[in-house]
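# Could you look at this predicted model? Sequence included:
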Amino acid sequence: MSGTVVVVTGGTRGIGLGLVRAFLARGCRVALCGRGDRRPGAALEPLPGPADRVLGRVADVTDRAQVQALWDAAYERFGRVDVWINNAGSAAPRRPFWELAAADVEAVAAANLLGTAHGSAVAVTGFLAQGQGRLWNMEGFGSDGRQLPGLGAYGATKSAVTYLTRAIAADLDERARTRPHDVRALRLSPGMLVTDLLVHGYTPEQYAKARKVLNILADRVETVTPWLADRVLADRTRNGGRVAWLTRRKAAARFATAGLRGRDVLPATVPEG
């Protein structure tokens, strides 16, 4: 939808940057944030699009005041906000939960859960004042209740994000009974994308083993984010609903045909850094 105003947190890299580029390609106006190394509210440069259609701000999503400043900047520049996507997140090292440092647990909980909570509160408050808007929270491994060794902290936060989004949707339904509005809380599930978060924290031996499965299930950012942007702009998802790229049926089909397809989307070795 040309002219739609979209805010993407964590929009400077990975899935977030892919979404920003996809929305810009569809004529949207986009505000994005990243943490950067500078003072809160400072402009991000370079921008991934023309200056009249994209706004970049330094913001830490774990700070409610900085998230509110991002909304205010987007509203001041574009006159409204139609879509808010809580994409910013992080991952903890892949190891048993009890071996994680307290700082690692706190960092992933702050970025994935607290950041989503702050973004949701700021966006829904603004949307209700406007009378309309769409909040999309990014799901991840753990959102469907599955468990894997080494992903306890990350999976727990993503499970909580799913619960939080459903709870916000229920609150919106309750409010609509007495004060009608057109605000929805929704979930966006990108599946497994080839980003630094996906290959983060593996030892070379772990990566060699995991790579076989990831090559079957993972996709490149530039493959998935245009599809996600189209579904967001189509605006056909009910309040509390979900848009998912890698469904259980698609995953099963990929395993069944893995020997024929020979997919190879992952780096050959563990990326440095």
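Thanks, I have the structure now. Numbering: from 1, shown residues only.
# hey, let's count contacts and neighbours off CA atoms from now on
Noted.
# Quick one: distance of the lengthiest helix in the chain to the chain centre.
Longest helix of the chain, by residue count under DSSP state H: helix 152-176. The chain centre lies 14 Å from the centre of helix 152-176; the measure is CA atoms, centre = their mean, to the nearest Å.
# How about stretch 232-248?
Offset of stretch 232-248 from its chain centre (CA atoms, centre = their mean): 13 Å.
# Over to stretch 64-79?
18 Å.
# same deal with stretch 3-20?
Worked out by CA atoms, centre = their mean, stretch 3-20 lies 9 Å from the chain centre.
# List of residues touching that stretch?
Here stretch 3-20 makes contact (CA atoms under 8 Å, 6 or more residues apart in numbering) with 23, 27-35, 48, 61, 71, 74, 78, 80-89, 193, 195-196, 221-222, 225-226, 228-229.
# Can you show me the strands along the stretch 1-150 of the chain?
5-9, 29-34, 54-58, 83-86, 132-138 (DSSP state E, counting those that start in this stretch).
# would a markdown table of those with mean neighbour count and distance to Lys158 be doable?
Listed next are those as a markdown table, based on neighbours: other CA atoms under 10 Å; distance: least, CA to CA, whole Å:
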| stretch | mean neighbour count | distance to Lys158 |
| --- | --- | --- |
| strand 5-9 | 26 | 16 |
| strand 29-34 | 27 | 20 |
| strand 54-58 | 25 | 24 |
| strand 83-86 | 26 | 12 |
| strand 132-138 | 24 | 8 |
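# Out of these, which is closest to Val161?
For Val161, the closest of these is strand 132-138, at 7.3 Å, according to CA to CA.
# Give me the contact list for the closest one.
81-87, 116, 120, 123-124, 127, 161-162, 165, 181-190.
# related to what we said a few turns ago, CSV for the strands of the stretch 1-150 of the chain, including distance to Val265 and mean pLDDT?
As requested, the strands of the stretch 1-150 of the chain are exported to CSV (distance: least, CA to CA, whole Å; pLDDT from 0 to 100):
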stretch, distance to Val265, mean pLDDT
strand 5-9, 25, 98
strand 29-34, 26, 96
strand 54-58, 30, 95
strand 83-86, 26, 98
strand 132-138, 22, 98
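# In the stretch 151-273 of the chain, where is pLDDT below threshold?
Within the stretch 151-273 of the chain, the stretches with pLDDT under 70 are 271-273.
# could you pull out the helices for the stretch 101-250 of the chain?
102-109, 115-130, 152-176, 204-217, 221-234, 248-256 (DSSP state H, counting those that start in this stretch).
# now the angle from the second one to helix 152-176?
Using axes from the mean of the first three to the mean of the last three CA atoms, to 10 degrees, one finds that helix 115-130 and helix 152-176 are set 20 degrees apart in direction.
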